[in-house]
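Undergrad: here is a sequence with its predicted model. Questions after.
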Amino acid sequence: MKTIILIIIAYLLGSIPSGLWIGKTFYKKDIRQFGSGNSGTTNTFRILGVKAGFAVFLADLLKGTLATSLAYLPSVDTNPLWFGLAAIVGHVFPVFAKFKGGKAVATSAGMLLGYNPLFFFCSLALFLILLFITSMVSLSSMIAAVIITLSTFILPSILPVLLPEQDWLLSCIAVIVTAFIFYLHRQNIQRIRQGTESRISFGLNKQEKKK
């Protein structure tokens, strides 16, 4: 019963619509009505600016971390990843925002931070390198998700300092989350193919500022 209650709490933590609430409270905007119509980090950066974008990113990241950390409460004997997965589901399908949420990236990263901080920081470095190369958050997120998923299978045998042993639950959840990420980015994939995907003003292929 305790596990079920904590999973519900993890889902509710994930359901907190950071972008929506920050947009409405401080900018008087519902960001779902602008840009991609998404309430996640990238659309917040695009519509509300850098400060709001970072605030939403940190909030969405910490949702996953806090939810995952519920497993470390006294007398809880449940794998932290189950709570992290519940938070991810909450982020994508938030009960507080009519089940229309973000694209799972930041909260998934938060789960990884709560579960294996060293692996998280290596994954973050990978994402930043990809972002510098592509200047596209969506493409960097998808490529990073694939590489991180493959790493959960490979690293235990070649670099155990990051993943000391094969964790099949981590690998399975990574596969599920990666599939989620690709599905939720399906419109981005179409724009990437058409060469019309939005780019940020950072990296090798950055978007030039209009004069």
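TA: It's in.
Undergrad: where does this protein dip in pLDDT?
TA: 208-211 (pLDDT under 70).
Undergrad: which helix is the longest one in it?
TA: helix 137-158 (DSSP state H).
Undergrad: going on from that one, what's the next piece of helix or strand?
TA: helix 168-184 (DSSP states H and E).
Undergrad: hang on, the earlier thing: quick one: buried residues of the longest helix of the chain?
TA: 137-145, 148-149, 151-153, 155-156 (16 or more other Cβ atoms under 10 Å). C-betas here are computed from N, CA, C, even on glycine.
Undergrad: please report phi then psi for Leu70.
TA: Note on Leu70: its backbone torsions stand at phi -60, psi -30 [degrees, to the nearest 10].
Undergrad: I'd say Phe83 and Leu73 touch.
TA: No. Phe83 is beyond contact range of Leu73, at 10.0 Å (criterion: Cβ atoms under 8 Å).
Undergrad: export the longest helix of the chain to CSV, keeping only CA atoms.
TA: In CSV, the C-alpha atoms belonging to helix 137-158 read as follows (Å, rounded to 0.1, in the frame of the first residue of the first chain):
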residue,chain,number,x,y,z
VAL,A,137,17.1,20.8,-28.8
SER,A,138,14.8,18.2,-30.3
LEU,A,139,17.4,16.4,-32.4
SER,A,140,19.9,16.5,-29.5
SER,A,141,17.3,15.1,-27.1
MET,A,142,16.5,12.2,-29.4
ILE,A,143,20.1,11.3,-30.2
ALA,A,144,21.1,11.5,-26.6
ALA,A,145,18.1,9.3,-25.6
VAL,A,146,19.3,6.6,-28.0
ILE,A,147,22.9,6.7,-26.9
ILE,A,148,22.0,6.7,-23.2
THR,A,149,19.7,3.7,-23.8
LEU,A,150,22.4,1.8,-25.6
SER,A,151,24.9,2.7,-22.8
THR,A,152,22.7,1.0,-20.2
PHE,A,153,23.4,-2.3,-22.0
ILE,A,154,27.1,-1.7,-22.8
LEU,A,155,28.6,0.3,-19.9
PRO,A,156,28.5,-2.3,-17.2
SER,A,157,31.0,-4.4,-19.1
ILE,A,158,33.3,-1.7,-20.4
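Undergrad: ok, and what's touching that helix?
TA: The list of residues contacting helix 137-158 from outside it, by Cβ atoms under 8 Å, 6 or more residues apart in numbering, reads 41-42, 45, 103, 105, 108, 112, 119, 123, 126-127, 130-131, 133-134, 162-167, 170-171, 174-175, 177-178, 181-182, 185, 188-189, 192, 197, 200.
Undergrad: buried ones among those residues?
TA: By neighbour count, with 16+ other Cβ under 10 Å, the contacts of helix 137-158 hold 41-42, 45, 103, 105, 108, 112, 119, 123, 126-127, 130-131, 134, 162-163, 167, 170-171, 174-175, 177-178, 181-182, 185, 188, 192, 197, 200 as buried.
Undergrad: in the protein, which spans are helices?
TA: Using DSSP H, helices in the chain cover 2-15, 18-26, 41-48, 50-69, 80-92, 105-115, 117-134, 137-158, 168-184, 186-194.
Undergrad: for Lys98, find the nearest of these.
TA: helix 18-26 (9.9 Å; Cβ to Cβ).
Undergrad: now the closest one, how far from the centre of its chain.
TA: 18 Å (Cα atoms, centre = their mean, to the nearest Å).
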